[in-house]
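1. Could you look at this predicted model? Sequence included:
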Amino acid sequence: MAADQSLANAKTSISIPRERYDQLRSEQNLPLALLAGIGAAFIGAAVWATVTVMTEFQIGYMAIAVGFIVGYAVRLGRGIEKIFGIIGGIFALFGCALGNVFSLIGFISKQHHLSILDTVSRLDLTKIPQLLTANFSVMDLVFYGIAVYEGYRFSFRRLTSADAAL
C-alpha cells in the first residue's frame, strides 16, 4: 500500500493517497503560473503607480494588493508544490519594486509636463536604484514582507477533502 502524502491546506492538513498526490502533481502547470504571475506583477505595479501618482501619496496597502493579485494569478497554475509559492513571493516583490519604479516615472513625467514615453526615453536607468533608496523607509520593508508572504501563501491550489478522493 502506498504511503499517504500530507498537504497543508489553509488552516488544516489533508492526507492524500500517493496515487492521488501524483495525479494532482501532474495537473500542475508551471508555465501558466509563471506567465500569470509576471502579468499580475505588471498589472499590480501599473495600478500601484496610477494610485500613487494620482493621490500623490504612497499607500502601503498597495503592496498587499500586489501580493494578493500575484498569488491568485500564480494559483491558475494549479500548483501544490513549493515552487509555486516561491514564484508567487518573488513576483509579488518584483511587482512592488516595479510599482515604485513606475511611480517615480509618473512623478517625473508629471513634474516636467512630459508624456510617460518621453520620460522613459530620457530616463537614465542607472539612477533608478538611487532614486528608489532615497525614498525608502522601514515601513516599505514591512509592506513588502506582507506582499511576499501573500504572494507565497495564495499561490497554491486550494484542496478540499473531496480533492483527496481518488
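-> Good, I have the coordinates.
2. what residue is smack in the middle of this protein?
-> The residue lying closest to the centre of the chain (Cα atoms, centre = their mean) is A92, at 2.5 Å.
3. Start from the N-terminal end of the protein and give the helices.
-> For the chain, the helices defined by DSSP state H cover 18-26, 30-55, 61-75, 82-111, 116-122, 128-134, 138-153, 161-164.
4. least reliable of the ones you listed going by mean pLDDT?
-> Among those, helix 161-164 carries the lowest mean pLDDT, a mean of 76.
5. Would you mind listing the buried residues in it?
-> D163, A164 (16 or more other Cβ atoms under 10 Å). In this view, the C-beta of every residue, glycine as well, is placed from N, C-alpha and C.
6. Give me the pLDDT value at the closest residue to L30 other than its chain neighbours.
-> Nearest non-adjacent residue to L30, counting by Cβ to Cβ, 6 or more residues apart in numbering: G77, 6.0 Å away. On the pLDDT scale, G77 is placed at 97.
7. which residues touch I83?
-> Residues near I83 by Cβ atoms under 8 Å, 6 or more residues apart in numbering: L30.
8. F84 and P31, how far apart?
-> Noted for F84: a distance of 12 Å to P31, by Cβ to Cβ, to the nearest Å.
9. Tell me which of the helices of the chain sits most buried.
-> helix 61-75 (a mean of 25; mean count of other Cβ atoms under 10 Å).
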